[in-house]
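Asks: Got a predicted model here, sequence first, then my questions.
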Amino acid sequence: MSVVEIHGARRPSLPLARMTGATLVVLVVLFALAGPLLVPGDPFAQSLMKALAGPEAAAPLGYDHLGRSVFHRLAHALRLSPLIALAAVATAGAAGLLLGTLAAAQGGWADRILTMLADALLALPGLLLVLIVLAILPGTALGFWAGLSLVLWVEFFRLTRAATRETLASPAVQASRLLGFGPAYLFRTHVWPEIAPMMLTAAAFGTATAIMAIAALGFVHVGMRAPTPELGLMMVELLPYWREAPLALLSPVLATFALLLGLTLLAGSRET
Amino acid sequence: MSALASRLVQAIMVALLIGAATFAMMRSLPGDAAWRIAAGRYGYDNVDAAAADAVRAELGLGGPALPALLQWLGDLARLDFGTSLVTGRPVAAEIAHQLGASASLALVAVLLSLLIGPPLGILAGLRPGGPLDRGLLVASTGLKAVPQFLMALVLIVALAVQLRWLPAAGHGTARHFILPGLTLALGLAAVNARIARDAMARIAAMPFWRFAQWKGLSERQTLIRHGLRNVSVPLITYLGLQFVTLVEGVIIVESIFGWPGIGHALVHAIFSRDVPMVQGTALVLGLGFVVVNAAIDLAVRHLDPRVAA
């Protein structure tokens, strides 16, 4: 939801940073997927006798204020928002790629209208659009997916359009055209290798942005609804009890930070 | 002046987009909008079908879509934002009331971030690869991965709950500015510092910089005479782009700290389906971005005449 610019002449991004980022993301995903398998449990089961109790074998991260296992709630939360984020990024990436290539190849009015639309969307805070879409569509998960896709496609569109325009004007593409190759071939051999690494970076940033947005809106009570385990919601629920159960609050905080830091590092050297 | 013309087009598109989006919101609200609005006005315990019908008739919530959309956009074009469905006061008056609180918070945040980020960035950029540069890279990468609400949580727990130095929420005195301002400023400074550092490193490697030092200027004089203005151009350009981040932060941070500003109002308006208020606040935020960036376009031309040429 913030504007991202590529810097041409930056120091080469450290492979070490990328490796660290990938490791962090893999660890968090592994916890989300394998955690509940190793320690079976129900994220919704309440037992008020155990409210805010410390860790034990059945609940390695202790219990929250309603006596639900923080471990299992966290694992579920770490499946939910990344899944929505990935779905939104996939949709936005496909739309941005398609429209960006179209705008660059067609030029003219199609290009002008798409660029105007993208510029207008850039001026709007992403959270605002997500909030409006959430109010229009039924179902919070569906609303988040649609709203985040609407916000994120602009970035993919801008990157694709800029890179494709440049590539299409290059002598290599002119030569290919003179040899009679069609648009599908041109895209596959000339355009895609040019934009693929950018797409990967933008996708990592987009995923981080989407996860942040879901958590932020959960934190101010306008995102996911109460019994659903969600990162921001868990934090705001556990905040009042932080003296009694610091571990219960720290777990979602650290998991969110690790996931976002991992994605940022994975994305590599870009600003904002 | 074509830059200003394209900003004007952007502004019109923003207004159209928000108009259409809020109209869609009005039309397809899940549940009965009339009931919700009635509940917002009279309280959830005092709503009955008669009250909802009265609201429906008053606001014209039934009827065909297309004429309603045209009328909706027409009202927008005449700058008639209507009245809040909940309080019944004109939207313009409500927003004028809240905008001051938000603007002062945003201003404090930007000034704080400019005090923290660029000086560190410039010092780091003067010695690329030095300990400060490497430390700053780690710190700003870490800070960028902390969303604003998480920063707010950490600051509240550390400074307000544990140390009891500052109030955790509220509005009124200068002390109340510190936590929300700092929350926003740290996120902005993480980016500011990197941009200042990159610009400074690039400028310090240029021949004119070496010439300035060769002719006898001290590092301090070189920085003041030749450095600052050059660093300020990318910094100010990014400040304009960061406006969106700032506004998003304001929406979240105001809700967390109970700040009576436009972001807080927006979240409440969305919650109670107060569509005219949503439209008004969204317009102010979107057009604010365009105005700020138009001003920044002009400022950059003034600072760096090469852009205009």
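Replies: Great, that's in hand. Residues are numbered from 1 along each chain as shown, chains lettered A, B, ... in the order given.

Asks: middle-most residue in chain B, spatially?
Replies: B:V247 (1.9 Å; CA atoms, centre = their mean).

Asks: Would you tell me what helix or strand it is located in?
Replies: Using DSSP states H and E, B:V247 sits in helix B:228-257.

Asks: per the record, what domains does chain B have?
Replies: What automatic domain parsing lists as the domains of chain B is B:2-91, B:94-307.

Asks: Find the one among those domains with the highest mean neighbour count.
Replies: The highest average neighbour count among the domains of chain B, using mean count of other CB atoms under 10 Å in any protein chain shown, belongs to domain B:94-307 at a mean of 19. The C-beta positions use only the backbone N, C-alpha and C, and glycine is treated the same way.

Asks: Just the mean pLDDT for it, thanks.
Replies: Mean pLDDT, domain B:94-307: 83.

Asks: Check stretch A:259-272 too.
Replies: So the average pLDDT for stretch A:259-272 ends up being 74.

Asks: How about exporting it as CSV, limited to the C-alpha atoms?
Replies: Listed next in CSV are the C-alpha coordinates belonging to stretch A:259-272 (Å, rounded to 0.1, in the frame of the first residue of the first chain):
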residue,chain,number,x,y,z
LEU,A,259,7.0,-13.2,9.1
LEU,A,260,7.0,-9.5,8.0
LEU,A,261,10.8,-9.2,8.5
GLY,A,262,11.3,-12.4,6.5
LEU,A,263,9.1,-11.2,3.6
THR,A,264,10.9,-7.8,3.6
LEU,A,265,14.3,-9.4,3.5
LEU,A,266,13.2,-11.9,0.9
ALA,A,267,11.9,-9.0,-1.3
GLY,A,268,15.4,-7.6,-1.4
SER,A,269,16.7,-4.1,-1.8
ARG,A,270,13.8,-1.7,-2.4
GLU,A,271,12.7,1.4,-0.7
THR,A,272,9.6,1.9,1.5
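
Asks: Any idea how far that stretch is from the middle of the chain?
Replies: How far stretch A:259-272 lies from its chain's middle: 11 Å, per CA atoms, centre = their mean, to the nearest Å.

Asks: next one: stretch A:46-60
Replies: So, by CA atoms, centre = their mean, the centroid of stretch A:46-60 is 31 Å from its chain's centroid.

Asks: Any chance you could list what contacts that stretch?
Replies: The contact list for stretch A:46-60 (CB atoms under 8 Å, 6 or more residues apart in numbering or on different chains) reads A:39, A:41, A:61-72, A:241, A:244-245, A:247-248.

Asks: at 10 Å instead, please
Replies: A:35, A:38-41, A:61-73, A:227, A:238, A:241, A:243-245, A:247-248, A:251 (CB atoms under 10 Å, 6 or more residues apart in numbering or on different chains).

Asks: I'd say B:H171 and B:F177 touch.
Replies: Yes. If you go by CB atoms under 10 Å, B:H171 and B:F177 touch, sitting 8.8 Å apart.

Asks: Now list whatever residues contact both of the two.
Replies: Joint contacts of B:H171 and B:F177 (CB under 10 Å, 6+ apart) are B:104-105, B:257, B:259.

Asks: Which pair of the residues you listed spans the longest distance?
Replies: B:S104 and B:F257 (13.4 Å; CB to CB).

Asks: Now do the shared contacts for those two.
Replies: With CB under 10 Å, 6+ apart, B:S104 and B:F257 have common neighbours B:171, B:177, B:181.

Asks: Identify the residue of the stretch 51-200 of chain A closest to chain B, quick one.
Replies: A:A120 (3.5 Å; CB to the nearest CB).

Asks: leaving aside the residues next to it on the chain, what's closest to that residue?
Replies: Leaving aside its chain neighbours, A:A120 sits nearest to B:M13 (3.5 Å; criterion: CB to CB, 6 or more residues apart in numbering or on different chains).

Asks: which helices and strands sit right next to the helix or strand containing that neighbour?
Replies: Mapping B:M13 onto the secondary structure by DSSP H and E places it in helix B:2-27. The helices and strands touching helix B:2-27, judged by 3 or more CB pairs under 10 Å, 6 or more residues apart in numbering or on different chains; DSSP states H and E, are helix A:108-123, helix A:126-136, helix B:33-42, helix B:65-77, helix B:275-303.

Asks: Try it again at 7 Å.
Replies: helix A:108-123, helix A:126-136, helix B:65-77, helix B:275-303 (3 or more CB pairs under 7 Å, 6 or more residues apart in numbering or on different chains; DSSP states H and E).

Asks: hmm, back to that, can you name the residues that contact the residue nearest to the centre of chain B?
Replies: B:V247 makes contact with A:125, B:285 under the criterion CB atoms under 7 Å, 6 or more residues apart in numbering or on different chains.

Asks: Distance-wise, check it relative to A:P55.
Replies: 40 Å (CB to CB, to the nearest Å).

Asks: Repeat that for B:L137.
Replies: 36 Å.

Asks: next one: B:L266
Replies: On the measure of CB to CB, B:L266 and A:P55 end up 40 Å apart.

Asks: where do the strands sit along the stretch 1-150 of chain A?
Replies: Assigned by DSSP state E, counting those that start in this stretch, the stretch 1-150 of chain A shows no strands.

Asks: Enumerate the residues of it near chain B.
Replies: A:1-3, A:116-117, A:119-120, A:123-128, A:131-132, A:135-136, A:138 (CB under 7 Å from any CB of the partner chain).

Asks: Point me to the residue of the stretch 101-250 of chain B nearest chain A.
Replies: B:A145 (3.8 Å).
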